[in-house]
Each structure stands twice: as C-alpha cells, then as structure tokens.
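**Student:** how would this look folded up:
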Amino acid sequence: MKIKITILIMGIIGLLGLFGCNGKTKSTEKLNNKVTFQEQLVIFKQLGFTLNKGVDTSDINRWQGGYKEFEDQPFHLLYQTLGQTIEREPWTPITNKCWDFDLEAIEDHGAYIDIMQNISRITSGELKFENLKDYVDVEEKKAWVSFTCNGDNYKWDLKVNDDWADGDLFDKVQDLADKYKTKGRFTYFNTGGQDFVLGYYSKKDLEQIVQKTNLKIVWLKAKGQIH
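**Tutor:** Here you go, the predicted structure:
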C-alpha cells in the first residue's frame, strides 16, 4: 500500500513539474514568453553588433507594426534589419556585422563595385578589394568585376540574368577567405524573400550567435542557397 501511495505522489509531482499553476506546459509557457525588442537588441550588442555612428534605435524600429513586428519574429527581423541602411541620408549601414542584400540589384555599371565594397565592409578589413572596376550591360548580357586583393589581381566574368546578381560571386569571395586563411568565413541566412543576410564570422562567433538567437545562420555555399 505504501509503495502505491509513493508512486502516486511521485506521479503528481511529475505532473506539477510539467504543468504550471495555470495548467499550461512549460514548453507552452516558453513559447508564449516573447523576447522584447530591447532584449533582442541587447543580445545582439553583446554579440558584437555595434550600431554605426549616427544610428539609433529609431532607425531600426522602422516597420509599420513597431516593436510588435520584431517580437512576432524574434531575432529574425532584427538580424535582417541590422544588415540594412538607415532610411535617410547619408544612408549609413546600421551595423558592419552583416549585410541584407537584395539579389535584384544589377542595373548598370557600378552595381558589382557596390556589392564588393559591402562584402569587404563586413569583413572588418580582413578582405580588402582595391582598384575595383566593373562592367554591366544587361542587354549585351555581359558583366565582369575586377580588383586587387592582397597584391593579387582578379577579373571575374559574371552571368547576366536580367537585373539579378550572379550568385557565383559569393562562392568566389568565400574561396578568397579560404585562400587567404582569414579568421572569418561568410555565412548565409535565408529571410524567406529575394534577399538574404550575408554575415562574416569566426566559427566561435557563429556558434555564439546561433546559441543566443536560435537563428538558422549557416556557412555560405551559394549553390543550393542563392541559386
């Protein structure tokens, strides 16, 4: 009899551990406890996502739904927004830790120069592209970009698909990071749209970001991700 009572008590204790006083499971309560915009921002700042000079939280809180939109998509929307620029002159990047890139960005000469400059910017100087030149003619279906990196000269011919960027370019810059044995490597985050967030982190940094945010940020491999 004592054994049966003991088993019954243990079962009740187990159920109390699983359910809160309001009858919700702990997992349900966890899902219902949304991470506030400010909490998300603090975590990103702790991870090294420093706002650039002249940028403040009003530049980040740009969506129609306000903070609620960030809380409905915890860390996802904030990470994406941190990779954008402010919506006023001088169009300063919000941070230099990532870049939210819209692939439909190739219209004329200078487009690939802009892309290469932004790629270099998020590497904190580990990959510097100098003497940048490009050529873009959508009607002629011809495009290329040339530059110097670590004293080596490069000229990459690029595919033309209307105004869509050639995804192979991102694999090429990943190859450069491997070639020059930089501390960081490029990462990819799928936003669900025609843009993606390009990051550049060490293995340790990426592990910390994923652990703190639960974002599905992976090492970049454009084939299978971008095209």
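**Student:** Pull the contacting residues for the closest residue to residue 102 other than its chain neighbours.
**Tutor:** Distances taken as C-beta to C-beta, 6 or more residues apart in numbering put residue 195 closest to residue 102, at 4.3 Å, once the chain neighbours are dropped. Any C-beta I mention is one placed from the backbone N, CA and C, and that applies to glycine too. Taking C-beta atoms under 8 Å, 6 or more residues apart in numbering, we find residue 195 in contact with 80, 100, 101, 102, 103.
**Student:** And residue 57, how close does it get to residue 93?
**Tutor:** 16 Å (C-beta to C-beta, to the nearest Å).
**Student:** and what of residue 106?
**Tutor:** In terms of C-beta to C-beta, residue 106 sits 20 Å off from residue 93.
**Student:** where along the protein do the helices fall?
**Tutor:** 2-18, 26-32, 37-46, 57-60, 67-72, 76-82, 111-121, 168-179, 203-213 (DSSP state H).
**Student:** ok, back up a step: mind checking which of residue 57 and residue 93 has more residues around it?
**Tutor:** residue 93 (20 against 11; other C-beta atoms under 10 Å).
**Student:** follow-up on the earlier one: out of the helices of the chain, which gets the lowest mean score?
**Tutor:** The stretch with the lowest average pLDDT out of the helices of the chain is helix 26-32, scoring a mean of 39.
**Student:** buried sites along stretch 54-68?
**Tutor:** Buried residues in stretch 54-68, defined by neighbour count with 16 or more other C-beta atoms under 10 Å: 55, 59, 60, 61.
**Student:** Excluding chain neighbours, give the residue nearest to the first one in space.
**Tutor:** Right, the one you point to is residue 55. residue 94 (5.3 Å).
**Student:** All set, thanks.
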